[in-house]
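> just coords:
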């Protein structure tokens, strides 16, 4: 009976993707910043997976080396710090597609394996677990376009509250969204950069509203949260402004429930974090992941389904 139980345990570990042999390694997790709830959730999920694996007898250490704010140079410095710290793997969400390539290549040359989460660079890595941001932006754009059609709205300017210039994920979200309105009578306003800061985003959105936009699109959590707060004030003053955006957070959930935010794209940072750690284990066990790319999905969250995302 004991032998059968032991065999069942081994089989379950293999099926679940847990190491069949003891893994001893060190990981550097580098996100775009530490303040965005998206990165907090990703880091938490990754750490929980590490803790789970360590309870099974592995020895995995993970350090979070994110910059305080989205900044290319700071992120490059974090990569260099990870190399100097002797990590075996770097799990990274890159600010843009190219700025970190040289530092990442130096890491590869030092024998460190690279895994992308959320936002890859153009340099090839062992694996990528990320949102298809273009598809997600298009999905939210299509939601807004249908809403316009249902309300009989046929033209107007849509304000854009972005995070930071040069962030590839936000660029893709903008491009996907913009593709929906190409060739229509709707005009996308000049992108306003909030640095992902709620207060700054609210100020920018207030200006857009005063300039006559009919809707606002936020490209990340802070941009969306601040925009929704401005739209709430506008609605309270008798105006009708549509607002959609990105990223699941308690604030954005509350805005959806309040009605000032009509929809947001919810990513799956927990899945990204977990799968990235599992990929480390697979690589440690000799698997060749072949640079695989896994789309971790996007859901459109509205008042009708928001309860499912709490």
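It's in. Bear in mind the structure is a predicted one, so any value in this text is a computation, not a measurement.

> alpha carbons only for contacts and neighbour counts from here, please
Fine.

> give the contact list for the most centrally placed residue in the chain.
Nearest to the geometric centre of the chain sits residue 118, at 4.9 Å (Cα atoms, centre = their mean). The contact partners of residue 118, taken as Cα atoms under 8 Å, 6 or more residues apart in numbering, are 93, 128-131, 169, 269, 272.

> quick one: which of those is nearest to residue 200?
residue 169 (20.0 Å; Cα to Cα).

> SS state for the closest one?
Assigned with DSSP: H, G, I helix; E, B strand; the rest coil, residue 169 falls in the helix class.

> distance of it from residue 92?
13 Å (Cα to Cα, to the nearest Å).

> again, but for residue 67
12 Å.

> which of those two has more residues huddled nearby?
With other Cα atoms under 10 Å as the criterion, residue 67 and residue 92 differ in neighbour count, and residue 92 comes out ahead with 26 against 20.

> what number of residues lie near residue 239?
13.

> still on that earlier bit, what's the overlap in contacts for residue 67 and residue 92?
30-31.

> other SSEs contacting the one helix or strand residue 231 maps to?
Using DSSP states H and E, residue 231 sits in helix 221-236. In this structure, helix 221-236 makes packing contacts with strand 156-162, helix 198-210, strand 215-218, strand 242-246, helix 250-258, judged by 3 or more Cα pairs under 8 Å, 6 or more residues apart in numbering; DSSP states H and E.

> format these as CSV; extra columns: mean neighbour count and mean pLDDT.
Below are these laid out as CSV (neighbours: other Cα atoms under 10 Å; pLDDT from 0 to 100):
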stretch, mean neighbour count, mean pLDDT
strand 156-162, 24, 98
helix 198-210, 20, 97
strand 215-218, 29, 98
strand 242-246, 28, 98
helix 250-258, 19, 97
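
> of all these, which one is nearest residue 277?
strand 242-246 (25.1 Å).

> that closest one pairs with which strands, and in what direction?
If you go by DSSP bridges, strand 242-246 pairs up with strand 215-218 (parallel), strand 263-266 (parallel).

> between these, which one is nearest to residue 43?
That would be, of these and by Cα to Cα, strand 263-266, which comes in at 16.7 Å.

> show me how far the closest one is from its chain's centre.
Using Cα atoms, centre = their mean, to the nearest Å, the mean C-alpha position of strand 263-266 is found 12 Å from that of the whole chain.

> contacting residues around the helix or strand that comes right after that strand?
Helices and strands here follow DSSP H and E; after strand 263-266, the next one along the chain is helix 269-284. For helix 269-284, the external contacting residues (Cα under 8 Å, 6+ apart) are 17-19, 23, 38-39, 41-46, 49-50, 89, 91, 115-118, 127-130, 289, 296.
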